[in-house]
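> Sequence first, then the predicted structure, then my questions.
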Amino acid sequence: MKIVMFGLKGIPFTAGVEVMVEELGSRLVKRGHDVTVLVRPHYTPRSLTEYRGMHLVHLPSIPTKNFDAISHSFLSVFKSVSLNPDVVHIHSTGNSIFSFFPRWFGIPTVVTSHGLDWQRAKWGKLARWYLKMTDFTTCIFPTATVVVSRRLQTYYHEHYGRSATYIPNGASQVNRIPPDEIKKYGLAGNDYILFASRLVPEKGCHYLLEAFQKLDTPLKLVIAGDDNTDREYIKLLKKLAPPNVIFTGFIKGKLLEELLSNAYLYVLPSEIEGLSVGLIEAMNYQNCVLVSDISENMEVIGNAGMTFKNKSVADLMEKMTYIVNNPKYVEEQRHASYQSIQSRYNWEEVADQYEQLYTSIQRSH
């Protein structure tokens, strides 16, 4: 089967959609499928034309906040049709408006909704209106609609009366590794709290910094992440940060693996999510986790970890204080986190479900 995917920045990358495409696409290649991923050259080096068996095709875009994704997807939909695939797989709701075009040419299309993008704080009124409108096209235009969380499945059913196929993200088998590169930050292991995500307002890092300021602990706080679209927000975070906060910037590879392997606690205070790949990975690395009590985060953690009231600095500080003062609880939660993820999120099962979906829409198209 020949599959073309677009609607992401590029691979290899450590963000949610990009991780999903990399893990899914590489597994489909191993099963004998031909997978082409359309990428943006300012995220993927032009010299990289193949990765983990997937063909990478570079298409330009207008690299601004409002036009980067949509300009790339506009070119991608024409390119995808020219490649004459068996299935076109489009990622993110904002790109769903293009999914009718391959169908005109008799090509089945899948759109995966990774979250409700219009809820993100960075968008202005016009962009937010457009993204909210594409919730509707996500349900109507493609041959099949996929969602990564049960909450999204309920949302599309309640608002548009449409059934979406639930296929979550997955987790790979990983090995925890001892501290090495993180020593350059003065970290020895088990001596820091970790936040690893994009530095945008909806991820709630400002709540974490405000709570950490009031926390009586020798632990450091590591903020691992960056975002080129909101530099003012990052400046605000650095103003809020006391001296024992470490900003690593964007990281990946061994350094990220070390941070995930050796944290005392992982905190995700996000206001909105689709299904957090970062949270899944943190739990997969046997971390005790503390997350905001939004339904998407609660869906991921299951019976493991602890929650605090969304946007409440006071409740976040109270829960952090308990966890910091109870290392026995942390050790218990490490095992619970790992078991919770391994029992529910598996990339091989994700690949099975997509493979079955592609086959079924080919037959019915």
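The structure has been received and is ready for your questions.
> Only the buried residues of whichever strand or helix holds M320, if you could.
Using DSSP states H and E, M320 sits in helix 313-324. By neighbour count on 16 or more other CB atoms under 10 Å, the buried set for helix 313-324 is V313, D315, L316, M317, K319, M320, I323, V324. The way it works is simple: take the backbone N, C-alpha and C, and place the C-beta from them, glycine included.
> Can you tell me the number of residues neighbouring N84?
Other residues near N84 come to 10 when the count uses other CB atoms under 10 Å.
> Just put the buried residues of helix 313-324 in CSV and tack on pLDDT and distance to L48.
Listed next are the buried residues of helix 313-324 as CSV, based on pLDDT from 0 to 100; distance: CB to CB, whole Å:
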residue, pLDDT, distance to L48
V313, 97, 43
D315, 98, 45
L316, 98, 40
M317, 97, 44
K319, 97, 42
M320, 98, 41
I323, 98, 41
V324, 97, 43
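> returning to that earlier point: for the very next helix or strand once past the helix holding M320, list the C-alpha coordinates in CSV.
Along the chain past helix 313-324, the next helix or strand (assigned with DSSP H and E) turns out to be helix 327-344. Listed next in CSV are the C-alpha coordinates belonging to helix 327-344 (Å, rounded to 0.1, in the frame of the first residue of the first chain):
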residue,chain,number,x,y,z
PRO,A,327,9.7,9.9,48.4
LYS,A,328,8.1,6.6,49.2
TYR,A,329,5.0,7.7,47.3
VAL,A,330,7.2,8.7,44.3
GLU,A,331,8.7,5.3,44.1
GLU,A,332,5.3,3.6,44.2
GLN,A,333,4.1,5.8,41.4
ARG,A,334,7.0,5.1,39.2
HIS,A,335,5.9,1.5,38.8
ALA,A,336,2.2,2.4,38.5
SER,A,337,3.0,4.9,35.7
TYR,A,338,4.9,2.4,33.7
GLN,A,339,2.3,-0.3,34.1
SER,A,340,-0.5,2.1,33.2
ILE,A,341,1.1,3.2,29.9
GLN,A,342,2.3,-0.3,28.9
SER,A,343,-1.1,-1.8,29.3
ARG,A,344,-3.0,0.9,27.2
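> could you give the mean pLDDT of stretch 13-22?
Throughout stretch 13-22, pLDDT has a mean value of 83.
> how about F195, phi and psi?
Dihedral angles phi and psi of F195 (degrees, to the nearest 10) take the values phi -120, psi 120.
> mind listing what it touches?
Contacts here follow CB atoms under 8 Å, 6 or more residues apart in numbering; on that basis F195 touches C205, L208, L221, V222, I223, A224, G225, Y266, V267, L268, P269.
> which residues are in contact with the helix holding M320?
For helix 313-324, using CB under 8 Å, 6+ apart, the contacting residues are 193, 207-208, 210-212, 214-217, 219, 264-265, 267, 269, 288, 290, 306-309, 329-330.
> Kindly write the PyMOL command that selects the buried subset of those residues.
The following PyMOL selection, which keeps only the buried ones among those, applies the criterion 16+ other CB under 10 Å:
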select buried, resi 193+207+208+211+212+215+219+264+265+267+269+288+290+306+307+308+330
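> Out of the contacts of helix 313-324, which sit inside helices?
Y207, L208, E210, A211, F212, Y329, V330 (DSSP state H).
> Test my guess that the last one contacts L265.
When you say that, I think you mean V330. Yes: with contacts counted by CB atoms under 8 Å, V330 reaches L265, the gap being 6.7 Å.
> Quick check: neighbours shared by these two?
Here V330 and L265 share the contacting residues C288, I323, scored by CB under 8 Å, 6+ apart.
> okay, now the domains of this protein?
Following the assignment in automatic domain parsing, the chain carries domains at 2-170+346-364, 181-344.
> before we move on, the earlier item: same list, the buried residues of helix 313-324, but as JSON lines with distance to I251 please.
JSON lines is the format used below for these (distance: CB to CB, whole Å):
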{"residue": "V313", "distance to I251": "26"}
{"residue": "D315", "distance to I251": "29"}
{"residue": "L316", "distance to I251": "24"}
{"residue": "M317", "distance to I251": "26"}
{"residue": "K319", "distance to I251": "26"}
{"residue": "M320", "distance to I251": "23"}
{"residue": "I323", "distance to I251": "24"}
{"residue": "V324", "distance to I251": "24"}
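> Which single one of those residues is nearest to G106?
Proximity of these to G106, judged by CB to CB, is greatest for L316, which lies at 52.0 Å.
> how near is the closest one to V289?
Shown here: L316 relative to V289, a distance of 13 Å by CB to CB, to the nearest Å.
> Now list whatever residues contact both of these two.
Taking CB under 8 Å, 6+ apart as the contact criterion, the common neighbours of L316 and V289 are V267.
> Please enumerate the helices of the stretch 51-200 of the chain.
Counting by DSSP state H, counting those that start in this stretch, the segments of the stretch 51-200 of the chain that form helices are 68-82, 100-104, 125-140, 150-160.
> Which elements pack onto the worst-scoring helix or strand of the chain on mean pLDDT?
Here the helix or strand of the chain ranked lowest by mean pLDDT, DSSP states H and E is helix 125-140, holding a mean of 85. If you count contacts as 3 or more CB pairs under 8 Å, 6 or more residues apart in numbering; DSSP states H and E, helix 125-140 packs onto strand 109-113, helix 150-160.
> where does the protein have low pLDDT?
Counting by pLDDT under 70, the chain shows low-confidence ranges at 14-15, 118, 121-123, 228-229, 365.
> hey, where'd the strands end up in it?
When assigned using DSSP state E, the strands of the chain occupy the ranges 2-6, 34-39, 50-51, 54-58, 87-91, 109-113, 144-147, 165-166, 192-196, 220-224, 245-249, 265-268, 289-292, 306-308.
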